[in-house]
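J.: the following comprises the amino acid sequence and a computationally predicted model.
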Amino acid sequence: MSINVAALTKRYGTQLAVDHISFDLKKGEIVGFLGPNGAGKSTTMKMITGYLPPSEGTAMVSGFDIQQQPMEVRKRVGYLPEANPLYYDMYVREYLEFTAGIHKLEKPKARIEEMISLTGLNKEAHKKIGALSKGYKQRVGLAQAMLHNPEVLILDEPTSGLDPNQIVEIRDLITRIGKEKTVLLSTHIMQEVQAMCSRVIIISNGKIVADDSIDRLQQNDKKQGVLVISFDAEVEMVKLRALKNVQKIEDLGNKRWKLFTNKPDELRREVMKWALDNDLSISSMQAESQSLEDVFRTLTQKK
């Protein structure tokens with residue numbers, strides 16, 4: 001395993017930020033690490049990379065323990081934090097030369113040029129980092145993370161603040177890189193997860209609530225169903241919410257409703273009886289596969 005996390009825990013005083021989580025990542029996997037703000041994603045990433053010590057548990061990166069062998073771990077990890085801390089007064093090449101010196105690369109110039117080309121920084125490499133757009137600053141961050149050719153990449157919100165064209169470019173870059181490395185990336189953009197990731201880990205309130213392929217997470221016939229219903233007249237949400245087998249409800253507008261349930265067949269019969277009893281006509285009623293966003297919201301909503 002490239003990453004092995006075992007009962008990893010982090011406490012800040014009385015606050016339990018990460019609660020005994022465990023998972024494994026193999027080489028060649030691009031895994032989406034999802035969760036609401038404050039769920040423990042960034043804290044987990046910082047512990048795996050050695051920036052934060054765990055309160056309990058541990059993690060192994062390429063066979064090295066994050067607590068016992070932190071320098072060996074850092075040699076094998078490329079890390080792009082959410083804040084992307086760059087030296088804005090440095091020129092792009094100057095900054096990458098500085099980073100190469102930290103990693104003691106044998107042929108730094110050739111590797112720097114390779115990273116500049118790979119991340120599309122050729123036209124901007126002569127500029128100071130502070131003069132670059134948000135998108136190019138992210139590219140510089142990715143270049144430094146990959147400069148020492150790490151086995152593992154930890155990317156925290158790598159497409160945050162980018163425009164649609166930049167997002168596609170960074171996504172394609174991560175996808176190419178991920179074929180040869182292990183990538184754990186955090187993002188709030190579900191489309192990016194579906195485009196890049198083969199697997200998703202969802203964390204909520206410091207605990208892992210899902211760890212599976214996207215396809216299996218969306219197969220809701222045994223766990224949760226979704227019915228989309230259109231009525232011929234306005235319906236009060238409170239009355240629909242009162243139905244026995246409704247877990248959650250969304251108003252789609254234009255007399256259309258999305259009902260979430262763990263018993264779709266029973267809810268279908270219940271809605272039809274309720275409509276009949278209330279002299280309402282149902283224009284349409286169909287089952288719908290859950291989107292990844294639906295899965296995320298269901299698993300992370302506050303009880």
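T.: That came in fine, so what should we check first? Since the model is a prediction, treat every value here as computed from it, not as a measurement.

J.: burial of A110, as a residue count?
T.: If you count neighbours by other C-beta atoms under 10 Å, A110 ends up with 10. Where C-beta positions appear, they are placed from N, C-alpha and C, glycine not excepted.

J.: likewise for T300?
T.: Residues near T300, counting by other C-beta under 10 Å, number 17.

J.: quick check: it vs E293, distance?
T.: Distance from T300 to E293, counting by C-beta to C-beta, to the nearest Å: 11 Å.

J.: so M272: helix, strand or coil?
T.: When the structure is split into helix, strand and coil by DSSP: H, G, I helix; E, B strand; the rest coil, M272 lands in helix.

J.: settle this for me: it is touching L280, isn't it.
T.: No. Between M272 and L280 there is no contact, the gap being 10.0 Å when judged by C-beta atoms under 8 Å.

J.: same question for the strand or helix carrying E97: list its buried residues.
T.: When elements are defined using DSSP states H and E, E97 is found to belong to helix 92-103. Within helix 92-103, the residues that qualify as buried by neighbour count (16 or more other C-beta atoms under 10 Å) are 92-93, 95-97, 99-100, 103.

J.: with stretch 20-30 instead?
T.: Residues of stretch 20-30 classed as buried: 21, 23, 25, 29-30 (neighbour count, 16+ other C-beta under 10 Å).

J.: run through the stretch 1-150 of the chain and note the low-pLDDT ranges.
T.: 1 (pLDDT under 70).

J.: just how off-centre is stretch 231-244 within its chain?
T.: With C-alpha atoms, centre = their mean, to the nearest Å as the basis, stretch 231-244 stands 34 Å off its chain's centre.

J.: quick check: end-to-end length of that stretch?
T.: Stretch 231-244 stretches 19 Å from its first residue to its last (C-alpha to C-alpha, to the nearest Å).

J.: tell me how far the nearest residue to K181 once chain neighbours are set aside lies from R176.
T.: By the measure of C-beta to C-beta, 6 or more residues apart in numbering, the closest residue to K181 outside its immediate chain neighbours is L153, 5.5 Å from it. Distance of L153 to R176, given as C-beta to C-beta: 12 Å.

J.: go on, I167?
T.: I167 sits at a distance of 15 Å from R176 (criterion: C-beta to C-beta).

J.: so between these two, which is more surrounded?
T.: I167 (21 against 10).

J.: host element of the more buried one?
T.: helix 164-178.

J.: surely L292 meets M190?
T.: Yes. Because the distance of 4.7 Å satisfies C-beta under 8 Å, L292 is recorded as touching M190.

J.: that older thread, next, format the buried residues of helix 92-103 as a markdown table and append distance to V183.
T.: Converted to a markdown table, the buried residues of helix 92-103 look like this (distance: C-beta to C-beta, whole Å):
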| residue | distance to V183 |
| --- | --- |
| V92 | 23 |
| R93 | 26 |
| Y95 | 23 |
| L96 | 21 |
| E97 | 25 |
| T99 | 19 |
| A100 | 22 |
| H103 | 19 |
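
J.: chain center to the helix holding I167, what's the gap?
T.: Using C-alpha atoms, centre = their mean, we find the averaged C-alpha position of helix 164-178 to lie 14 Å away from the chain's own average C-alpha position.

J.: what's that helix in contact with?
T.: Residues lying outside helix 164-178 but in contact with it, judged by C-beta atoms under 8 Å, 6 or more residues apart in numbering, are 28-30, 118-120, 134-135, 138-139, 142, 146, 153, 155, 158-159, 162, 183, 185, 189, 192, 195-196.

J.: swap the cut-off to 10 Å and go again
T.: Contacts to helix 164-178, defined as C-beta atoms under 10 Å, 6 or more residues apart in numbering, come from residues 27-31, 78, 80, 118-120, 133-136, 138-139, 142, 145-146, 153, 155, 158-163, 181, 183, 185, 187, 189, 191-192, 195-198.
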